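Novice: next one to model:
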Amino acid sequence: MAVAVAVAVPALWGAGVTSAGPVARPAQHQSALADPGEDGDDGGGGPGPGTLRELLAAMTGSAVADPLDLAPGSLLVDREGEDGLTLSWALLDTDDGRWTGSADAATGRSEAESTIKAWLAADTLRAAAQAGRPVPDTLRADISAAVRASDDDAAERLYRALGGDASTARLEPECGVEVSTSRPGWWSYTRVTALDAARILACVRDRAPEWPGGDALLADLDAVTPDGRSGVRPALPGVVAEKNGWTLHGADGWNVHCVLAWEDRALAVLTTYPAERGVEYGWTVCRDVAGDVLSVS
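Specialist: Below you'll find the model as predicted:
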């Protein structure tokens, strides 16, 4: 019988945990993921990822103690419960579909913002393949601009060419993800959960090679411009697909969302918070959540 337990975890390669709970993190949150030594230890005496896995095994009574076997809401991250921050996250095994995340990972919806551009790019390739034609140079340029530079005008042209909301509706038959919208006719108002966001990017990454121009799209997703990077990418191995989204909604505050896929994993972190904190606050939350999750994954 699987046992689910609330486990508070430290930052990636950071301070350890005790039976009484997590060791307090310094007052200043990390602004970037740490770069561990070859043995996974940061030199500060805290346990590395292997030791944390052993600790998780002891706490859950599982010999394997794979975090993906924990029920949503069981693996607690340091930033959860922070005043003014709405935070949802999901970690997905892209091979077998197992996942874990925050308690609301499959239910708490937010505007997708620019994360949906990865799908608009992929759907453009799918449409070309279905029509038996190459992707025109103009659309290829829009795909690269929308993905690498998060160009809104380029994304709008892709969206209109695909039939508007008909494109996001195709996420269900093509990727098994059913989305909604809070404002029909606007791609950025497509509403997703953290689990949806992880599944969408994983679907784009895995299916792109089936379509003409797929390899170029994967290269775009691994080369987003600096202003669109969360800072999580350097901690991940190999080729990484990354498409983030960030929008200031006036008095309603910021949405900053970070979505990445690598090897057999996809991670989505969705945040909403007050406007005065600025966009960098959201990137920092993404890095901190990724650090906590990856430390036991």
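
Novice: could you use CA atoms for every contact and neighbour count after this?
Specialist: Fine.

Novice: quick check: end-to-end length of stretch 255-273?
Specialist: End-to-end distance of stretch 255-273 (CA to CA, to the nearest Å): 7 Å.

Novice: what mean pLDDT does it have?
Specialist: In this model, stretch 255-273 has an average pLDDT of 98.

Novice: now that stretch, how far from the chain's geometric center?
Specialist: Once both centres are worked out by CA atoms, centre = their mean, to the nearest Å, stretch 255-273 turns out to sit 1 Å from its chain's centre.

Novice: and it, which residues are buried?
Specialist: Of the residues in stretch 255-273, 255-262, 265-273 count as buried by neighbour count, 16 or more other CA atoms under 10 Å.

Novice: same question, stretch 85-103
Specialist: 85-94, 99-103.

Novice: likewise stretch 233-250?
Specialist: In stretch 233-250, counting by 16+ other CA under 10 Å, buried: 233, 235, 240-248.

Novice: what of stretch 137-156?
Specialist: 139-140, 142-152, 154-156.

Novice: could you pull out the strands for the stretch 1-150 of the chain?
Specialist: 7-8, 17-18, 21-22, 75-76, 86-93, 99-101, 110-111 (DSSP state E, counting those that start in this stretch).

Novice: so which of the buried residues of stretch 137-156 are in helices?
Specialist: Secondary structure from DSSP state H places 139-140, 142-148, 152, 154-156 of the buried residues of stretch 137-156 in helices.

Novice: any low-confidence regions in this protein?
Specialist: Scanning the chain for pLDDT under 70 picks out the ranges 1-65, 297.

Novice: would you map the helices across the stretch 1-150 of the chain?
Specialist: 49-60, 117-131, 137-148 (DSSP state H, counting those that start in this stretch).

Novice: repeat for the stretch 151-297 of the chain
Specialist: So, for the stretch 151-297 of the chain - with DSSP H, counting those that start in this stretch - the helices run 152-161, 165-169, 171-175, 194-207, 214-221, 278-294.

Novice: contacting residues around Leu236?
Specialist: Trp262 (CA atoms under 8 Å, 6 or more residues apart in numbering).

Novice: can you do 10 Å?
Specialist: 260-263, 294 (CA atoms under 10 Å, 6 or more residues apart in numbering).
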